[in-house]
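> would you be able to build a 3D model of this:
(chains A and B)
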Amino acid sequence: MLLFAQLATLSAAAATPAVDSPAGMPVITVPYEQYTLPNGLHVILSEDHSIPFVQTNVWYWVGSRDEKAGRTGFAHLFEHLMFQGSEHANDDYFQFLSKVGGQVNGTTNLDRTNYFEGLPAAELPRALFLESDRMGWLLPALDEAKLQNQKDVVRNERRQRYDNVPYGNAWIYLYENLFPDGHPYHVATIGKHEDIEAAQLADVKDFFATWYVPNNASLVVCGDFDPKVAKRLIAHYFGDVPSGPEPTPREVPQVVLTAPKRVDQTDDVPFEKVWLAWPSPALFTPGDAELDLLSSTLTDGKDAPLYRVLVREKQVAQDITAAQVSNGLQSFYMVTATVAPGHTGDEVVKEIDAVLADVQKRGITADELAVARTQYEVGFYGSVATIAGKADRLNAYYRQTGEPDGFAADLARYRVATVDSVNSAFRSVLGPNRLELHIAPEATK
Amino acid sequence: MKPSLLLLLALAGCAPKLPLRAAGVPAPLATRAFSVPKTQTATLSNGLTVVVAENHEVPLAWVRLSFRDGGLGDPAGKEGLAAVTLDMMNEGAGEYDAIGLSNALLRLGSDLSTGAGDDGASVNASGLTANLDPTLDLFATVLLDPTFPQSEWDLLKKQRVSALEKQRKDPEWIAGRVFERVIFGDGYHGRAATKESYEALSPADMKAWWQANLTPDRAVLFAGGDVTLDVLVPKLEARLKGWKPSGAASARPQVAAPVAPASPAPIHFVDRPGAPQSMLRVGGYLAGPTDPDWSSLVLANQVVGGQFTARINMNLREAKGWTYGANSRISYDLAGGRFLAAAGVRADATGPALTELLGEIAGPAAARPLTAPELDDGRAAIVQAYPLRFESADYLLGQAEAVWRYGLPADWVDGYIARLDAVTLDTATAAWKGKVDPTRLVIVVVGDGATVREGLKTLGRPIIDHDPEGNVLPAKE
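Coordinates of the predicted model:
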């Protein structure tokens, strides 16, 4: 369960003039204990007895950024193979988990891969057995037929989520144009069809040996369990998973755009849409939280400058959003808008630029900052209300900051941000050198 | 000296030995007790029923005021009236214009949303518990004193007309739209707002609709999260005491019973040139949630397509590799109980995928009877996961709303597990055989005609072409 404490200092901070924000936003702390097994697996335990359910969550510190040339999409394809059975549980993992009420999935992004199971409290041994078996004994159960089947499934996933969706490939264009060829982020996580098709069993073995070692993983157990029982089960099932050489992620310099860049694409879309994107500070580094707050100021609510001017007053855009897309190596800041009928993408870009220049010049105000901070805090509580949400954040905070209970520290980034720090991030990141992407309807046939 | 057995047990901490990895999936620990949480109910002086489900995990609370009436009653030529009326309530109320209202909410970190579908309408507010009072003030203002400004309608109308154009490029939307048109024609879910119907709407229409339909005798208020009935009721009483019941009966028409197509049902096709994937939909209306067969149908569907390990997904995804995911769902609305199978499949596999999908739906009554282990696993998947649904207040209140809106039995939630437990292989099989006629389900395919048409012809069914709105096109040679 989450613990809330009212901090006196925050009551004072919340008394910013002209903003009716609540006196003293609650502070979150999540009780936990952590230790490391001799093979290097890091374990984080956090009890929450609100319902008789338990969540396991494993992070492997490997993502699409770690793929080899010609094997884009492989980290995600590998994630799919982790559900196809292991030596001592050689069946579709959903077969073992669904019939006991398991809520199961995994996700891959640029930086990491996670696997999670929510199960009735009594089934903790099953979850730990299965997670450990695929951590140590995936390869003996793998064959060419499973690999080919999941290549097909993943290529269907790409069709369903990117190729066959209006503007679905925007994400792919953004990464390939912001991050140069050879950069770990050049190709979006889903990968290229031809690379997915090219994957071989030898690649799977190599990837497993390199990245899927306990010393490159962390396990969270969160929910209704007895820690004595959990520790014994974890030692029993994970203790004999062999460790491997310490993996070394690639180091890359920060990308800097030295000139404006424009990309024009056409697709089967109803209206032209534009994206402006700037390379920006990595997740949890200075400026990251400031840019989240900036997004709220620029587009949240009907009075927000970008929304008010483009959608309400000039009516050149149908919608507009702004977001800091946070990643481990480097993030990007993005403003995107759909062009209104009778207008052009160029007009929209011109108006966005004018608003950004105007707000950069005057600077965001203390009042705007206080409002933005409130939006962020309320959203944050919603995201930690479940054991699944908490389990994943414990792993995320551990991986990215070394401290699993980073809830308060994460929120504090938004609380200590000042008008000056937000304006400074705004001015230094959203400069003239940026990517401008247009996706326009195909010419009428 | 040999150690005694007692000493060995003491050294092992008396804990039983854990099984070897080679023994496979380990046995469960002792089951932990769980009881379904309860809602609490009160009635305000104006007759409005208030239902609360507490959950104090995070300092957030929400209210949802649900209304009996929605878009089903929209007059012909004014489709979209209920939805637009609700949208417009959030565009100005009391002393607030649209921007003023938006700013007031942002400062609180609260959210206020309004909307209507075919089956009903709702006004929703949520925010920090500490801001419950000012959030409820705004909620009451929007509910009781909306101003429907013409300038905001001019803007919203443009956005809604653009949205119509956007939908026509979305294959998921097209598949859903054609499915509803085929089943309901121009009634119920088959109706949709158009540019013309939006043009025909005025703020005066909205005000009249608001006045006639949003009354406390045709509504229930649901509240959840970090709030109690004792705290909430006086706050609501203070704000809503002037809101009076109309006493008038609702003008909502009955939903005409959906008609299943003649056997063998045709394939309704929409051409999307170049689409790398085809959207498949197969479905129709069966028995409703109060039918004695309902729980049997739910469990039979769990085996056929209701979970990842169900037959449809294991076949189309895990065996054939034709899709990212395929499923079938059982749900209900004012027309009764609905079965709908859905998959997005690789374009060049469209014909065979549809054949397999229809085969799986036909299976339990034909070549592939349901088996006891499948049924038991499907039941356990739902029953064992049940406690998770109560991690927040949303599910409990959602079910309470369904009981009210669809006239479900009072023990709908409390008796849910018992009803599933009562299903047997015989009842599940008989229900599927009796209620699911695979030759008379509506079939929709949205895909690249040049690639898929020949394959679809091999199914031996008539093919009827539609535009993305579901209008029938002239027959092709």
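> so the most centrally placed residue in chain B versus chain A, what's the distance?
Geometric centre of chain B, nearest residue: B:Ser331, 7.2 Å, by C-alpha atoms, centre = their mean. For B:Ser331, the distance to chain A equals 20 Å [C-beta to the nearest C-beta, to the nearest Å]. Glycine gets a C-beta too; all of them are placed from N, C-alpha and C.
> next SSE downstream of the worst-scoring helix or strand of chain A on mean pLDDT?
Every helix and strand of chain A was ranked by mean pLDDT, DSSP states H and E. The lowest is helix A:8-13, at a mean of 27. Of the helices and strands lying after helix A:8-13 in sequence (DSSP states H and E), the nearest is strand A:27-29.
> by contact count, what packs against the very next helix or strand once past that following strand?
Counting by DSSP H and E, the next helix or strand C-terminal to strand A:27-29 is strand A:33-36. Under the contact criterion of 3 or more C-beta pairs under 8 Å, 6 or more residues apart in numbering or on different chains; DSSP states H and E, strand A:33-36 touches strand A:42-47.
> contacts for the strand it packs on next, please.
For strand A:42-47, contacts defined as C-beta atoms under 8 Å, 6 or more residues apart in numbering or on different chains pick out A:30-37, A:217-225, A:227, A:230-231, A:234, A:238, A:390-391, A:394-395, A:398, A:404.
> buried members of those into PyMOL, please.
Applying 16 or more other C-beta atoms under 10 Å in any protein chain shown to the contacts of strand A:42-47 leaves a buried subset, and the PyMOL line that selects it is:
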select buried, chain A and resi 30+32+34+37+217+218+219+220+221+222+223+224+225+230+231+234+238+390+391+394+395+398+404
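> which of the contacts of strand A:42-47 fall within helices?
A:Pro227, A:Ala230, A:Lys231, A:Ile234, A:Phe238, A:Lys390, A:Ala391, A:Leu394, A:Asn395, A:Tyr398 (DSSP state H).
> next, count neighbours for the closest residue to the fifth one other than its chain neighbours.
Closest residue to A:Phe238 apart from its sequence neighbours, by C-beta to C-beta, 6 or more residues apart in numbering or on different chains: A:Ser132 at 4.7 Å. A count of nearby residues for A:Ser132, using other C-beta atoms under 10 Å in any protein chain shown, gives 26.
> for A:Ser132, list the residues it contacts.
So A:Ser132 contacts A:Tyr237, A:Phe238, A:Val241, B:Arg21 (C-beta under 8 Å, 6+ apart).
> the second one contacts A:Thr36, doesn't it?
No: contact status for A:Phe238 versus A:Thr36: not in contact, 11.0 Å apart, counting by C-beta atoms under 8 Å.
> packing partners for the helix ranked longest in chain B?
For chain B, the helix with the greatest residue count under DSSP H is helix B:150-167. Packing contacts for helix B:150-167, counted by 3+ C-beta pairs under 8 Å, 6+ apart, involve helix B:81-89, helix B:171-184, helix B:195-199, helix B:203-213.
> got the CA positions of it in PDB?
In PDB, the C-alpha atoms belonging to helix B:150-167 read as follows (Å, rounded to 0.1, in the frame of the first residue of the first chain):
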ATOM      1  CA  GLN B 150     -23.300  29.800 -30.000                       C
ATOM      2  CA  SER B 151     -19.700  30.700 -30.600                       C
ATOM      3  CA  GLU B 152     -18.500  27.500 -28.900                       C
ATOM      4  CA  TRP B 153     -21.000  25.400 -30.900                       C
ATOM      5  CA  ASP B 154     -19.600  26.900 -34.100                       C
ATOM      6  CA  LEU B 155     -16.100  25.700 -33.100                       C
ATOM      7  CA  LEU B 156     -17.200  22.300 -31.900                       C
ATOM      8  CA  LYS B 157     -19.300  21.800 -35.000                       C
ATOM      9  CA  LYS B 158     -16.200  22.300 -37.200                       C
ATOM     10  CA  GLN B 159     -14.200  19.800 -35.100                       C
ATOM     11  CA  ARG B 160     -16.900  17.200 -35.100                       C
ATOM     12  CA  VAL B 161     -17.300  17.500 -38.900                       C
ATOM     13  CA  SER B 162     -13.600  17.000 -39.300                       C
ATOM     14  CA  ALA B 163     -13.700  14.000 -37.000                       C
ATOM     15  CA  LEU B 164     -16.200  12.400 -39.400                       C
ATOM     16  CA  GLU B 165     -13.700  12.700 -42.200                       C
ATOM     17  CA  LYS B 166     -10.900  11.300 -40.000                       C
ATOM     18  CA  GLN B 167     -12.900   8.200 -39.100                       C
END
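> list the contacts of that helix.
Contacts of helix B:150-167 (C-beta under 8 Å, 6+ apart): A:166, A:270-271, A:312, A:315, A:318, A:338, A:340-341, B:80, B:84, B:87-88, B:91-92, B:98, B:173-174, B:177, B:193-195, B:198-199, B:201-203, B:206, B:468.
> got a PyMOL select line for the buried ones in the residues you listed?
Only the buried entries of the contacts of helix B:150-167 go into this PyMOL selection, using 16+ other C-beta under 10 Å:
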select buried, (chain A and resi 166+270+271+312+315+318+338+340) or (chain B and resi 80+84+87+88+91+92+98+173+174+177+193+198+201+203+206+468)
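> just the angle for the helix or strand hosting B:Phe269 relative to helix B:171-184, thanks.
Following DSSP H and E, one finds B:Phe269 within strand B:267-271. Put simply, strand B:267-271 runs at 140 degrees to helix B:171-184, going by axes from the mean of the first three to the mean of the last three C-alpha atoms, to 10 degrees.
> what's the closest non-adjacent residue to the residue nearest to the centre of chain B?
Using C-beta to C-beta, 6+ apart, the nearest residue to B:Ser331 is B:Arg338, at 5.2 Å.
> check B:Leu144 too.
Closest to B:Leu144 by C-beta to C-beta, 6+ apart is B:Trp243, at 5.9 Å.
> can you check B:Val442 too?
Nearest residue to B:Val442 in three dimensions, chain neighbours excluded: B:Val182, at 5.0 Å (C-beta to C-beta, 6+ apart).
> I figured the residue nearest to B:Leu144 hits B:Pro216, correct?
Yes: applying C-beta under 8 Å, one finds B:Trp243 in contact with B:Pro216, separated by 5.6 Å.
> parallel or antiparallel, which strands does the strand holding B:Phe269 pair with?
Paired neighbours of strand B:267-271 in the sheet (DSSP bridges): strand B:442-447 (parallel), strand B:463-466 (parallel).
> show residues contacting the last one.
Same thing as strand B:463-466. Contacts for strand B:463-466 (C-beta under 8 Å, 6+ apart): B:178, B:181, B:266-271, B:453, B:456-457, B:472-476.
> buried set for that strand?
By neighbour count on 16+ other C-beta under 10 Å, the buried set for strand B:463-466 is B:Ile463, B:Asp465, B:His466.
> save the residues you listed as CSV, and put in pLDDT too.
Shown next, in CSV, are the buried residues of strand B:463-466 (pLDDT from 0 to 100):
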residue, pLDDT
B:Ile463, 97
B:Asp465, 98
B:His466, 98
